[in-house]
Each structure stands twice: as structure tokens, then as C-alpha cells.
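**Q** Sharing a model that was predicted from the sequence below.
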Amino acid sequence: MGNHIGLNDEYTKQITEHLNLLLASSQQFYMNVRGYHWNVTGEHFFELHVKFEELYNELILQIDEIAERILTLGKTPLHTYADYGEISVIEQTKDVTGGKDCVKQILAGFDQLLGLERKILSAASEEGDEGTVDQMTGYISAQEKHVWMYSAFLGK
Ligand SMILES: [Fe+2]
């Protein structure tokens with residue numbers, strides 16, 4: 001048995017569960033980054049305020065793409081804050097205002113997202129699910145580049 005794009009049912013069920021985990025975690029990360037955009041203070045305010053806005057705008061596009069991939073695979077994307085809060089692997093952060101602290105939290109978030117994305121990529125690759133592979137490849141290379149830049153900001 002396959003779904004309407006010819007992928008195995010059991011595979012589709014498992015991969016969409018992982019995609020929902022990535023969706024929920026990306027949503028939590030998005031909200032955290034909006035918080036850094038709003039609340040960051042200090043000498044790098046102007047620079048970081050803009051950088052964080054670029055990042056949450058990128059995340060919101062990815063979030064939509066992940067949800068639509070789940071639909072393309074024939075399943076339903078999670079769509080409530082309650083579900084996101086329950087399963088996100090990224091914890092919500094609150095009252096983070098120091099520039100370096102915001103950046104450290106962002107690096108921790110990327111680490112979590114990259115872990116999920118690599119897992120999804122490897123399962124999708126094994127199954128010949130090129131659509132999902134392609135999506136994950138794009139996110140991984142873009143986020144790895146962000147990790148380099150945010151680490152450079154910290155002098156690491
Ligand atoms: Fe703003």
C-alpha cells in the first residue's frame with residue numbers, strides 16, 4: 001500500500017510524525033527569536049534587532065513549507081500552540097535580553113533543529129523520498145551557515 005504520491009504508508013506515518021516534531025520545534029524557536037528581536041538590549045541592539053528579524057522571517061517560511069510537506073504526504077500538520085508546546089524539543093525562553101545570551105540560545109536552537117533535520121533526511125533518503133530530502137538539505141545548509149555566523153559573533 002502506498003499513499004497518493006506512491007510512498008509506503010508506514011514510512012509516511014513515521015516521517016510525518018518527525019516532520020510534525022520539526023514543525024512544533026520550529027514554531028517554538030520562531031517565538032523565542034521574536035522575543036530576542038523585541039527584548040534584546042545593549043551595544044549591539046541595532047545589529048541584532050535586525051538579524052533576529054531576518055531569522056524569524058526565514059523560520060516562518062520554513063514552518064509553512066514543513067506544514068505543506070506534511071499535507072503533500074497526506075497527513076495533517078499540527079496547528080495549535082498547545083500541541084507545539086507539548087512536543088517541541090526546543091524549550092520556550094523568556095526574558096532573555098543580553099545580546100550574547102540571545103545568540104547562545106539561538107545556537108542551542110539550531111543544534112536541536114539540525115539534529116531533527118538530519119534524522120528526517122536520513123530516513124527520507126533510505127526510502128527514496130527525494131522531496132523531503134531536498135527540503136531538509138536546504139534547511140541544513142542554510143542553518144549550518146547561520147551557526148558559523150552566530151558562533152563568529154561570540155568569538156568562537
Ligand atoms: Fe519588529
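**A** Received the coordinates, thanks.

**Q** Quick check, pLDDT for residue 3.
**A** Looking at residue 3, its pLDDT is 74.

**Q** just residue 156 next, same as before
**A** 85.

**Q** out of all of them, which helix in the protein is the longest?
**A** The helix spanning the most residues in the chain, taking DSSP state H as the definition, is helix 9-39.

**Q** what comes up buried for it?
**A** Of all the residues in helix 9-39, those buried under the rule 16 or more other CB atoms under 10 Å are 11-12, 15-16, 18-37. The way it works is simple: take the backbone N, C-alpha and C, and place the C-beta from them, glycine included.

**Q** I'd like to know which elements the following helix or strand past that helix is packed against.
**A** Next helix or strand after helix 9-39 toward the C-terminus (DSSP states H and E): helix 45-72. Packing contacts for helix 45-72, counted by 3 or more CB pairs under 8 Å, 6 or more residues apart in numbering; DSSP states H and E, involve helix 9-39, helix 99-127, helix 130-153.

**Q** need the ones you listed in JSON lines with mean pLDDT, can you?
**A** As requested, those are exported to JSON lines (pLDDT from 0 to 100):
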{"stretch": "helix 9-39", "mean pLDDT": "98"}
{"stretch": "helix 99-127", "mean pLDDT": "98"}
{"stretch": "helix 130-153", "mean pLDDT": "98"}
